[in-house]
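> No letters, just coordinates:
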């Protein structure tokens with residue numbers, strides 16, 4: 001068995017500084033050791049896809065990132081791996097456990113199928129992989145080969161068998177003064193009928209006008225990113241394509257590694273798809289992050305099908321999840337005022353009710369996702 005500290009020492013020596021993931025009994029020693037090790041920032045995620053997206057945000061900030069999760073959650077990560085990491089060429093190191101491994105010890109029935117197809121699924125996603133080293137002598141070369149794969153701009157996965165890592169008991173515990181019951185005081189009050197609300201472009205234009213010179217704007221997939229691009233292509237813009245719902249986790253990963261202001265702009269369909277990430281963001285609470293949801297109560301770019309957001313007070317949900325400032329808006333003047341106040345003592349959440357529709361002949365970005373990602377990395381590194 002490989003001591004957890006040995007693997008983490010090797011990771012640290014090779015520049016890994018951020019670790020995210022979800023628990024698995026096979027991973028218990030590594031996760032416990034990572035939590036105990038002050039050299040690493042470890043952030044738990046509510047699902048495997050958000051862990052990958054959070055790591056992508058850390059990579060955007062110039063960090064080298066490791067993501068760990070059970071193979072039963074590999075399906076949750078497929079979207080982020082194929083429609084975020086692949087188009088943006090984001091290299092993240094993965095450790096995926098092999099529950100239900102063929103020829104291994106009998107496991108629970110829910111692991112049987114995924115155990116059979118884990119490595120084939122990685123092959124299908126064109127993610128190179130190797131067995132996790134279970135001996136100290138083999139670990140340095142194995143990790144070097146993995147990191148060489150990352151240099152090609154794609155993820156690399158270690159597949160971990162049972163008992164590959166020696167036990168490590170958790171020493172650091174969650175703080176005893178963690179918040180208990182919260183009093184939710186926010187109440188949504190709307191002023192306009194849906195057809196009378198501002199457009200998405202109106203709201204985006206207000207955010208561009210209010211932007212701090214060092215601020216990053218991350219726009220979700222669909223019309224939001226395309227409308228932001230139409231207002232002016234800039235190096236501080238990131239137009240997320242695919243990976244619906246992952247923009248907020250990516251923004252969180254970035255905000256944890258930069259003092260710059262980070263604004264994430266999502267639609268109602270996207271935030272509902274990954275609503276659990278609000279709890280993660282509220283828990284880790286980067287003070288300079290602003291999360292804006294432009295809600296037209298529909299999946300606008302796919303034909304206008306209704307979402308369920310009409311009956312959801314998203315700002316109240318965000319407040320319950322720990323955001324320090326929240327607001328619900330359907331008036332243009334109120335949005336301008338809220339943008340000025342939301343950039344203080346965050347994280348902040350603005351639920352902006354807008355009307356459906358998009359400009360005709362809306363352009364698509366002429367820069368590729370990989371170019372947009374690399375361009376923003378350079379802009380961030382330039383200070």
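Thanks, I have the structure now. Note that the structure is predicted; figures quoted are calculated from it, not measured.
> who's in contact with residue 45?
Residue 45 is in contact with 20-22, 51, 54, 249, 277, 280, counting by Cβ atoms under 8 Å, 6 or more residues apart in numbering. All C-beta atoms are positioned from the backbone trio N, CA, C, and that covers glycine.
> What is the burial count for residue 207?
Look at residue 207: counted by other Cβ atoms under 10 Å, it has 23 neighbours.
> what about it, distance to residue 15?
Distance of residue 207 to residue 15, given as Cβ to Cβ, to the nearest Å: 34 Å.
> Please identify which pair of the contacts of residue 45 lies farthest apart.
Spatial extent of the contacts of residue 45 (Cβ to Cβ) is set by the pair 21 and 277 at 14.3 Å.
> helix or strand for the closest residue to residue 4 other than its chain neighbours, which one?
For residue 4, ignoring the flanking residues on the chain, the nearest one in space by Cβ to Cβ, 6 or more residues apart in numbering is residue 33 at 3.7 Å. In this assignment (DSSP states H and E), residue 33 forms part of helix 28-36.
> Direction included, what does the following helix or strand past that helix pair against?
The helix or strand immediately downstream of helix 28-36 is strand 41-44, counting by DSSP H and E. Sheet pairing of strand 41-44 (DSSP bridges) gives strand 16-21 (parallel).
> Report the angle between the partner strand and helix 28-36.
Strand 16-21 and helix 28-36 meet at an angle of 120 degrees, taking axes from the mean of the first three to the mean of the last three Cα atoms, to 10 degrees as the criterion.
> how long is stretch 28-47 end to end?
One end of stretch 28-47 sits 16 Å from the other (Cα to Cα, to the nearest Å).
> Same question for stretch 358-377.
30 Å.
> Mind checking the pLDDT average for it?
Average pLDDT, stretch 358-377: 95.
> May I see the buried residues of it?
358, 365, 369, 372-376 (16 or more other Cβ atoms under 10 Å).
> what's in contact with that stretch?
For stretch 358-377, contacts defined as Cβ under 8 Å, 6+ apart pick out 60, 62, 87-90, 153, 200-201, 216, 223, 225-227, 229-230, 233, 235-239, 241, 300-301.
> Let's see that with 6 Å instead.
60, 87-89, 223, 226, 229-230, 235, 238-239, 241 (Cβ atoms under 6 Å, 6 or more residues apart in numbering).
> what's the spacing between residue 221 and residue 188?
Counting by Cβ to Cβ - residue 221 and residue 188 are separated by 26 Å.
> And residue 319, by the same measure?
On the measure of Cβ to Cβ, residue 319 and residue 188 end up 11 Å apart.
> Which one of these two is surrounded by more residues?
Taking other Cβ under 10 Å, residue 319 and residue 188 do not tie; residue 319 has more neighbours (22 against 16).
> what pLDDT does the more buried one get?
Residue 319 carries a pLDDT value of 94.
> Quick check: it touching residue 327?
No - contact between residue 319 and residue 327 fails when scored by Cβ atoms under 6 Å: they sit 9.9 Å apart.
> Tell me how the chain divides into domains.
Listed by automatic domain parsing, the domain ranges of the chain are 4-160, 194-381.
> neighbours of residue 310, just the number please.
Counted with other Cβ under 10 Å, residue 310 comes out at 12.
> For the residue nearest to it when sequence neighbours are not counted, give its distance to residue 304.
Leaving out its chain neighbours, the residue that sits closest to residue 310 by Cβ to Cβ, 6+ apart is residue 297, at 4.8 Å. Plainly put, residue 297 is 10 Å away from residue 304 if you go by Cβ to Cβ.
> Quick one: the strands in the protein, in order.
In the chain, the strands defined using DSSP state E lie at 16-21, 41-44, 64-69, 93-97, 129-131, 156-160, 216-219, 237-239, 262-267, 289-295, 298-299, 305-306, 325-329, 348-353.
> Find the nearest non-adjacent residue to residue 24, please.
The spatially closest residue to residue 24, leaving aside those adjacent along the chain, is residue 70, at 3.5 Å (Cβ to Cβ, 6+ apart).
> Also residue 78?
Nearest in space to residue 78, with sequence neighbours left out and distances taken as Cβ to Cβ, 6+ apart, is residue 125 at 6.8 Å.
> what about the one you found, neighbour count?
Residue 125, neighbours per other Cβ under 10 Å, totals 18.
> any idea how far it is from residue 49?
Distance of residue 125 to residue 49, given as Cβ to Cβ: 13 Å.
> do the same with residue 96
Residue 96 is 13 Å from residue 49, by Cβ to Cβ.
> Out of the contacts of stretch 358-377, the closest to residue 168 would be?
Set against residue 168, the nearest of the contacts of stretch 358-377 by Cβ to Cβ is residue 60 (30.2 Å).
> list the contacts for that closest one?
Counting by Cβ under 6 Å, 6+ apart, residue 60 has contacts 254, 377.
> What separation do you get for it and residue 195?
In terms of Cβ to Cβ, residue 60 sits 38 Å off from residue 195.
> Identify the residues contacting residue 254.
The neighbourhood of residue 254, defined by Cβ under 6 Å, 6+ apart, consists of 57, 60-61, 262.
> ok, 8 Å please
Neighbouring residues of residue 254 by Cβ under 8 Å, 6+ apart: 57-58, 60-61, 216, 218, 262.
> can you put those residues in JSON lines and add distance to residue 245 and pLDDT?
Below are those laid out as JSON lines (distance: Cβ to Cβ, whole Å; pLDDT from 0 to 100):
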{"residue": "57", "distance to residue 245": "14", "pLDDT": "98"}
{"residue": "58", "distance to residue 245": "18", "pLDDT": "98"}
{"residue": "60", "distance to residue 245": "17", "pLDDT": "98"}
{"residue": "61", "distance to residue 245": "21", "pLDDT": "97"}
{"residue": "216", "distance to residue 245": "19", "pLDDT": "98"}
{"residue": "218", "distance to residue 245": "13", "pLDDT": "98"}
{"residue": "262", "distance to residue 245": "17", "pLDDT": "97"}
